[in-house]
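A.B. asks: Quick one: sequence plus predicted model below, questions after.
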Amino acid sequence: MSLLEIDAVTVRFGGILALEQVSFALEAGELLGLIGPNGAGKTTMLRAITGVVAPTVGRIRLDGRDITGLSTDRRVRLGLALTHQIVRPLRAMTALDNVVCAAGHAKTASFLRALATRHSLAEERRAREFLALVGIAEFADAMPSAMPLGALKRLEVARALALSPRVLLLDEPLAGLNHVEAARLADTIVGLNRSGLSIVLIEHNLGEVLRICQRLVVLDNGSRIAAGDPQTVIADATVRAAYLGQEAGHAAA
């Protein structure tokens, strides 16, 4: 049984077909790349997995459990976590407190309970561990407004890790980073995966995708057009025509 199963998911927004009968699976311990051109439906798929949008047709299962009808917060508590392409820290809090809030998610199931709860030393310790794990321990006391983009991207990942996910969904974590920063964050993602975390990665940086992902799923115009090991997928004529264009020759070389 796969850890995460997407079964014939279709999503419509009015008359717009965003996803059509898309199926794929994530195996436990896998680092899966979900790629495709702009508008292919990649982010919509992540939003469907996390419950932000509801499939018109199809089912989503986590470890064999049908979660299609569950709310986003219930899916998070079952083990899903998502990072956003555009970073969304709590800007009135330090980096440490941003992660502490996530680390204490079990105490914040309700607004009233959250108001009555102060974080414990254990949660602060865990938060510092997550900041160190993603390489930004030195920014613990910094406000997000004083942090560079590369550190903010890592803060997004730290906040997601603090939710204790079984599946981490990453939406273009390398976007906006220079070559060195992107490679370092990609290495961090590999490290998280090697520790046992299952990951779905949306990313346009094909060099890093090919370097770190074990398998690829390709979407185009809302449909799955290919899936398999990176080199086989990248050499596929349909993929080259739909997404990679002239870059395919370089990537396959």
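C.D. replies: Sure thing, it's come through. Here the structure is a predicted model, which means the values were calculated and not measured. Numbering: from 1, shown residues only.

A.B. asks: Could you use CA atoms for every contact and neighbour count after this?
C.D. replies: Fine.

A.B. asks: List the buried residues for stretch 218-229?
C.D. replies: 218-227, 229 (16 or more other C-alpha atoms under 10 Å).

A.B. asks: Let's see which of those end up in strands.
C.D. replies: Counted as lying in strands by DSSP state E, out of these, are 218-220, 223-227.

A.B. asks: Name the nearest of those relative to Gly39.
C.D. replies: For those, the residue nearest Gly39 by C-alpha to C-alpha is Asp220; the value is 7.7 Å.

A.B. asks: thinking again about what came up before, would you list the buried residues of stretch 218-229 in TSV and tack on pLDDT and distance to Ser195?
C.D. replies: Listed next are these as TSV, based on pLDDT from 0 to 100; distance: C-alpha to C-alpha, whole Å:
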residue	pLDDT	distance to Ser195
Val218	96	26
Leu219	96	28
Asp220	94	32
Asn221	93	34
Gly222	95	32
Ser223	96	32
Arg224	97	29
Ile225	96	31
Ala226	96	28
Ala227	97	25
Asp229	96	21
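
A.B. asks: Go through these and name the one nearest Val190.
C.D. replies: Nearest to Val190, judged by C-alpha to C-alpha, of those is Asp229 at 16.5 Å.

A.B. asks: Could you measure from that closest one over to Thr56?
C.D. replies: 30 Å (C-alpha to C-alpha, to the nearest Å).

A.B. asks: and what of Leu192?
C.D. replies: From Leu192 to Thr56 the distance is 33 Å (C-alpha to C-alpha).

A.B. asks: Report the buried residues of stretch 1-12.
C.D. replies: 3-11.

A.B. asks: export those residues to CSV and tack on pLDDT and secondary structure?
C.D. replies: Compiled in CSV, these are given as follows (pLDDT from 0 to 100; DSSP: H, G, I helix; E, B strand; the rest coil):
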residue, pLDDT, secondary structure
Leu3, 98, coil
Leu4, 98, strand
Glu5, 98, strand
Ile6, 98, strand
Asp7, 98, strand
Ala8, 98, strand
Val9, 98, strand
Thr10, 98, strand
Val11, 97, strand
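
A.B. asks: can I get those in TSV with distance to Val239?
C.D. replies: Output for the buried residues of stretch 1-12, formatted as TSV (distance: C-alpha to C-alpha, whole Å):
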residue	distance to Val239
Leu3	26
Leu4	24
Glu5	23
Ile6	21
Asp7	22
Ala8	20
Val9	21
Thr10	21
Val11	22
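
A.B. asks: Tell me how far the nearest residue to Leu19 once chain neighbours are set aside lies from Asp7.
C.D. replies: Spatial nearest neighbour of Leu19, chain neighbours left out: Gly222 (4.0 Å); criterion: C-alpha to C-alpha, 6 or more residues apart in numbering. Gly222 sits at a distance of 14 Å from Asp7 (criterion: C-alpha to C-alpha).

A.B. asks: List the contacts of the strand or helix carrying Leu152.
C.D. replies: According to DSSP states H and E, Leu152 maps onto helix 149-161. The contact list for helix 149-161, computed with C-alpha atoms under 8 Å, 6 or more residues apart in numbering, reads 81-84, 87-89, 95, 98-99, 102-103, 127, 130-131, 133-136, 139, 144, 168, 173-174, 176-177, 181, 185.

A.B. asks: residues contacting the residue nearest to Asp236 when sequence neighbours are not counted?
C.D. replies: The shortest distance from Asp236 to any non-neighbouring residue, by C-alpha to C-alpha, 6+ apart, is to Ala226 (7.9 Å). Ala226 sits next to 216-219, 233, 236, 238-239 when contact means C-alpha under 8 Å, 6+ apart.

A.B. asks: And those, which is closest to Met45?
C.D. replies: Using C-alpha to C-alpha, Leu219 is the member of these that lies nearest Met45, at 9.8 Å.
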